[in-house]
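Chemist: next comes the sequence, and after it the predicted model I'd like to discuss.
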Amino acid sequence: MNFETLDVTIDGHIAHVAFNRPEKLNAMNGTMFGEIGRAFRELDENPSVRAVILSGNGKHFTAGLDLKESGAVLGATEGDPARIREKLRRHILWLQDCFTAIDNCRVPVIAAVHGACIGAGVDVITACDIRLAVEDAFFTIQEINVGIVADVGTLQRAPHVLPFGIVKEMAYTGRKMLTDEALRLGFVNHTASDSKALHELALRIAQEIASKSPLAVAGTKAVLNHARDHSVADGLDYVATWNSGMLLGEDLMKAATAALTRQSVEFDDLLKSDDPD
C-alpha cells in the first residue's frame, strides 16, 4: 500500500496507519483526506487484518486541516453561486466519507495520540473504536477558532464518547482538553508516559483483539455501531438477526474448546468481498 501522506504497514494480523507529513505537523490536505479513506477501505477488504493502530509521525498526532491549502480542500469558489454551493456540499460529503471509512472498517481501530490532536484530528479519533493518549497530549475542536462549524464528524460522534455539555463547551469555545480530563471523562481509554509506551500499549491491545474470533469481533463492532445510531429495540432485533446468521460457525466451537482446555486457538481469516468495487 503506497501513499503520499500516510505510512501504512501490516505485520501479521495488525495494520499500522501513521499520518506522515511530520514537516507540516501532519496537517491534512486534500491528498491526505483521500488517502485516509482509501487506506481504511483497503484494510477493511484485507481478510488478514484484525486490528488497526492509527498514529502520527513526528511531533504531533495532527494539527488538523492544513489552512495553507484549505482552498484546495474546500474546492473552487468561482462560477454560479448556486452551483458552487451544490459542489461544495458534495465535497464536504466526500470529506466526511473519508473519515467514515474508519467507522465502517470492519475491524477495530485504535487511535494512539501524542502531542496535538486538533480540529480534523478530533473528527478522526471520534471515528475510532478506542483512543489512547500520551499524558501530555491535548485535544481541541478547533473549527470555532477559525470561524467555521466542525463538519466532518466531531459534532455527530463526540456526543457518544463525551458528556454532551462538555462537547458543547469545547465546540463553542475551542478550548484545549488535556489528557487527564479526557481520561476522567472516558474520552480516552488509557494513557501512557511517552510515545514509545503509547505504541507498546496500542500494540498489546491490538494483539489481544487479533487473538479473538475475527468474525465475532467484526460482528461486535457492527452491532455496537448499529446500537449507537438506533433505538434499543432496533439494536436487539439487529443482533438477533446477526447472531442467527453467524452464530453457528466453527469459531464458536473453537473458542469454547479453548476456554475449556485453557489453550490458545487459531481462527481463520475473514473472507474478501467478491465485489469488484
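Modeler: Thanks, I have the structure now.

Chemist: so where's the stretch 1-150 of the chain uncertain?
Modeler: Along the stretch 1-150 of the chain, segments meeting pLDDT under 70 span 70-77.

Chemist: so which residues of it form strands?
Modeler: With DSSP state E, counting those that start in this stretch as the criterion, the stretch 1-150 of the chain has strands at 6-11, 14-19, 51-56, 109-113, 116-118, 130-134, 138-140.

Chemist: residues in contact with the fourth one?
Modeler: Spelled out, it's strand 109-113. Contacts with strand 109-113, where a contact means CB atoms under 8 Å, 6 or more residues apart in numbering, come from 40, 51-56, 61, 102, 121, 124-125, 127-134, 137, 139, 188, 198-199, 201-202, 205-206. From N, CA and C alone the C-beta is placed, and that goes for glycine too.

Chemist: what's the closest of the strands of the stretch 1-150 of the chain to residue 258?
Modeler: strand 51-56 (18.9 Å; CB to CB).

Chemist: gap between that closest one and the chain center?
Modeler: Its chain's C-alpha centre and that of strand 51-56 lie 8 Å apart, by CA atoms, centre = their mean, to the nearest Å.

Chemist: what sits up against it?
Modeler: By CB under 8 Å, 6+ apart, strand 51-56 touches 13-19, 22, 26, 40, 43, 61-62, 102, 105, 107-115, 124-125, 128, 198-199, 202-203, 205-207, 209-210.

Chemist: tell me the angle of that strand relative to strand 130-134?
Modeler: With axes from the mean of the first three to the mean of the last three CA atoms, to 10 degrees defining the directions, strand 51-56 sits at 40 degrees from strand 130-134.

Chemist: in its sheet, what does strand 51-56 sit against?
Modeler: Partners of strand 51-56 in the sheet, by DSSP bridges, are strand 14-19 (parallel), strand 109-113 (parallel).

Chemist: possible to save those strands as a markdown table with mean neighbour count and distance to residue 239?
Modeler: Converted to a markdown table, the strands paired with strand 51-56 look like this (neighbours: other CB atoms under 10 Å; distance: least, CB to CB, whole Å):
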| stretch | mean neighbour count | distance to residue 239 |
| --- | --- | --- |
| strand 14-19 | 23 | 27 |
| strand 109-113 | 27 | 21 |
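
Chemist: relative to residue 167, which of the ones you listed is closest?
Modeler: Of the strands paired with strand 51-56, nearest to residue 167 by CB to CB is strand 109-113, at 17.3 Å.

Chemist: and the contacts of strand 109-113, which are buried?
Modeler: The neighbour-count criterion (16 or more other CB atoms under 10 Å) marks 40, 51-56, 61, 102, 121, 124-125, 127-134, 137, 139, 188, 198-199, 201-202, 205-206 among the contacts of strand 109-113 as buried.

Chemist: where's the closest residue to residue 140 other than its chain neighbours relative to residue 184, distance?
Modeler: Leaving aside its sequence neighbours, residue 140 sits nearest to residue 118 (CB to CB, 6 or more residues apart in numbering; 4.8 Å). Distance from residue 118 to residue 184, counting by CB to CB, to the nearest Å: 21 Å.

Chemist: the two - which one has more neighbours?
Modeler: Each of residue 118 and residue 184 has its neighbours counted (other CB atoms under 10 Å); residue 118 has more, 25 against 10.
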